[in-house]
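> Sequence unavailable; structure follows:
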């Protein structure tokens, strides 16, 4: 799949927004620390948020976009991970750690959003292995005011992490555990189905100014993306319905040119006749049927019906009867004042989805992003069958789009069976296709590590989600029965849903705050980016990840060298090189700001035994595996590893001590030093989080981030082209001590001089 298609793969969109709104200055609320830790296993995330304040925030809300459901520790199937941060003040100790684990392997990773702009881009680090990826976001207090949407109140924006998995089996990925199964189905080896698409655009007076301007801009981009075998139509409406052409036209260069001229002239005016506009779109498609194609209606509106037929129940009945299950209707609601419940019900009744488009600077991109999700149909009339399965989630789908993923979960009736069969039947350009697969249910590799009950929770999540969707379309006792079953499962699995609340307990005093899931129409502090309730895994390979080295090493009886990792631009495997021990090394030096960091290693141990940092002439920080001493030229403070979290600030220096790491900011350099414990040994590892731009740093960790390599094919011994030289290499596994979990990652082992272009003696010091 190409990168544009990957943007669509979406099982659930996760929005965390923690907001502190001190109403009066006398509350004097200060957020000391804010940690977000998320682990994603097989598209299922466990996220824990921890915050320390010196006064309890009276207005604390956690907003959850209910295209996904979360547990109180915020567990949910994860696709696109969207984290929204708006603490209303710079936070001294802000950390975000995300760890992705995917059995098939990770093929794509991306990080973007408002919080990846400006100086904040340097606070994002990514690390990749074959089946794991890590993203960290450690902005300093100063950086938190310097992104595109940030200001004196600190962070204000989104961080969007997108990833995809390797898809070598076109029959899908099936996992079985403890009597439950999940089937991820996402074939891509299929021809594109030409589509018939009609855009129905509200141009009533309420769409004035920026809304209509962004709609025009989005339509111009969308028209440019139409395939030459697609057919399209344009309908605008206000008090009247206006057809650009009475029939669908092929997306030829000439037709697209004329359509764009029409779009540029769309102006806001009049009332809103939704009923007549949608029925006109249905007629346009039905009057020009084409075999082997997929038809789609897309409605964009920002308000209620105000003229023509205004009874919403009647409108929905008219549209449902006219479409007759022949094709889906997608409804896009522009802004907070739109009647989103009405659009949701109308779309669900017609095999589509509703999406809110938020009034923001990127509304045109939200519109374009939604279209991209449905731009490339691959299958129609999809039916999934599971002999021996029961309590199945949805198994029938009208359309499957490139880049999306169909997810089905259920229970296995007989836990003693040794195999389980899946069968998918669908149409591809009018031709029948079938995918069938059989897996062994006793394969222990199918059980995700550290979370054996995740498939049961995934089944519960999908079931609750679909119950809530179905009850929208029901009435009377049937509606109450569906809600009752959804509530029962929500309480059992501790999901926050529209039927439940999340209870936040204030430490010590035990006061309770209740965070209800916001209803449609309420405006969260910052809108989520567009999402589509299918597969994609929002998480990216960010250039900021390559601006530092991280120390690694493997357990062995005697350590004779330290192994350093160097992430490389555009490559999933980093380089690594060995430095003999014992040595006192110059790790990082910036002569312009009078900063230096040196480290001492010992024979027989990984990492460093002691690290010293110096800033200007009077700031000296010495760290060993027992204690931390800081001297500012007049006073000295001492901390011990393992003590309560501590913060110390003085003229350009910030120290934040957590349990097994200390966060150090000196001037424009931000470093986290981790204490690792392995068996009886302890070692230190520095991880450079932020470095000044356009500054020539020296030292082992001062390597420029623009290094790259190419793999030379056809050689007996693995060989890389590095700095215009051919270098013999070998693939080895090392521990990445830059991360608290010290995961094993693969790297290309190369000679020290090949990377540094220096002799070891040039990077040693006599004193720390």
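Looks like it came in fine. All figures in this text were calculated on a predicted structure; none of them were measured in a lab.
> what residues are up against the nearest residue to residue 633 once chain neighbours are set aside?
If the residues on either side of it in the chain are set aside, residue 633 comes closest to residue 618, at 3.0 Å by CB to CB, 6 or more residues apart in numbering. For every residue, glycine as well, the C-beta is placed using N, CA and C. Shown in contact with residue 618 (CB atoms under 8 Å, 6 or more residues apart in numbering): 631-634.
> hmm, which of these are the buried ones?
residue 632 (16 or more other CB atoms under 10 Å).
> Identify those among the contacts of residue 618 that sit within strands.
Of the positions in the contacts of residue 618, residue 631 sit in strands, assigned by DSSP state E.
> Tell me the one of the contacts of residue 618 nearest residue 268?
Nearest to residue 268 among the contacts of residue 618: residue 632, at 61.6 Å, using CB to CB.
> Touching, that closest one and residue 616? I think so.
No: contact status for residue 632 versus residue 616: not in contact, 10.0 Å apart, counting by CB atoms under 8 Å.
> Any stretches of this protein with poor pLDDT?
When residues are selected by pLDDT under 70, those of the chain lie in 1-29, 53-86, 360-361, 442-452, 501-560, 569-570, 604, 704-706.
> run the last query once more with 50
Low-confidence segments of the chain, defined by pLDDT under 50: 1-27, 55-79, 445, 448-449, 508-510, 512-513, 515, 521-559.
> Now do the residue nearest to residue 633 against residue 142, distance only.
Taking CB to CB, to the nearest Å as the measure, residue 618 falls 21 Å from residue 142.
> picking up where we left off before, let me know the closest of the contacts of residue 618 to residue 302.
For the contacts of residue 618, the minimum distance to residue 302 (CB to CB) is 57.5 Å, reached by residue 632.
> What segments of the stretch 251-400 of the chain are helices?
All helices of the stretch 251-400 of the chain, identified by DSSP state H, counting those that start in this stretch, fall at 253-264, 274-286, 312-323, 340-348, 363-373.
> picking that back up, from the contacts of residue 618, which is closest to residue 298?
Set against residue 298, the nearest of those by CB to CB is residue 632 (62.1 Å).
> show me what contacts the closest one?
Neighbouring residues of residue 632 by CB under 8 Å, 6+ apart: 618-619, 650-651, 653.
> at 6 Å what do you get?
With contacts defined as CB atoms under 6 Å, 6 or more residues apart in numbering, residue 632 is in contact with 619, 650.
> Could you measure from it over to residue 462?
Separation of residue 632 from residue 462 (CB to CB): 56 Å.
> Around residue 652, how many other residues sit close by?
Residue 652 is flanked by 14 other residues according to other CB atoms under 10 Å.
> Which residue is the nearest non-sequential neighbour of it?
Using CB to CB, 6+ apart, the nearest residue to residue 652 is residue 667, at 5.5 Å.
> Pull the number of nearby residues for that neighbour.
Using other CB under 10 Å as the criterion, the residues surrounding residue 667 number 17.
> so it touches residue 593, yeah?
Yes: contact criterion CB atoms under 6 Å: residue 667 and residue 593 qualify, at 4.7 Å.
> can you give me the helices for the stretch 1-150 of the chain?
Per DSSP H, counting those that start in this stretch, the stretch 1-150 of the chain has helices spanning 3-6. These are given in chain order.
> Revised request: answer the last question for the stretch 401-550 of the chain.
Counting by DSSP H, counting those that start in this stretch, the stretch 401-550 of the chain has these helices, from start to end: 454-472, 476-493.
> So for residue 305, which of the helices of the stretch 251-400 of the chain sits nearest?
Residue 305 lies closest to helix 274-286 among the helices of the stretch 251-400 of the chain, at 4.4 Å (CB to CB).
> which strands and helices sit next to the closest one?
Contact partners of helix 274-286 among helices and strands, from 3 or more CB pairs under 6 Å, 6 or more residues apart in numbering; DSSP states H and E: strand 195-202, strand 231-237, strand 241-243, helix 312-323.
> So what touches the first one?
Outside of strand 195-202, the residues within contact range by CB under 6 Å, 6+ apart are 230-236, 248, 277, 281, 284-285, 293-301, 377.
> care to break this structure down by domain?
3-166+500-516, 173-190+378-459, 195-375, 460-493, 548-627+674-763 (automatic domain parsing).
> Going along the chain, name the strands of the stretch 101-250 of the chain.
Taking DSSP state E, counting those that start in this stretch to define them, one finds strands in the stretch 101-250 of the chain at 106-112, 124-128, 132-137, 157-165, 173-177, 180-185, 195-202, 231-237, 241-243, 249-250.
> Pull up the pairing partners for the last one, direction included.
In this case it means strand 249-250. Sheet pairing of strand 249-250 (DSSP bridges) gives strand 231-237 (antiparallel).
> The strand it pairs with vs helix 274-286, what angle?
Strand 231-237 runs at 160 degrees relative to helix 274-286, counting by axes from the mean of the first three to the mean of the last three CA atoms, to 10 degrees.
> quick one, strand 231-237 and strand 195-202 angle?
For strand 231-237 against strand 195-202, the angle by the same axes, to 10 degrees is 10 degrees.
> returning to what we had before: any chance of the helices of the stretch 251-400 of the chain in JSON lines with distance to residue 173 and mean neighbour count as columns?
Formatted as JSON lines, these follow (distance: least, CB to CB, whole Å; neighbours: other CB atoms under 10 Å):
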{"stretch": "helix 253-264", "distance to residue 173": "38", "mean neighbour count": "14"}
{"stretch": "helix 274-286", "distance to residue 173": "35", "mean neighbour count": "22"}
{"stretch": "helix 312-323", "distance to residue 173": "33", "mean neighbour count": "16"}
{"stretch": "helix 340-348", "distance to residue 173": "28", "mean neighbour count": "20"}
{"stretch": "helix 363-373", "distance to residue 173": "21", "mean neighbour count": "22"}
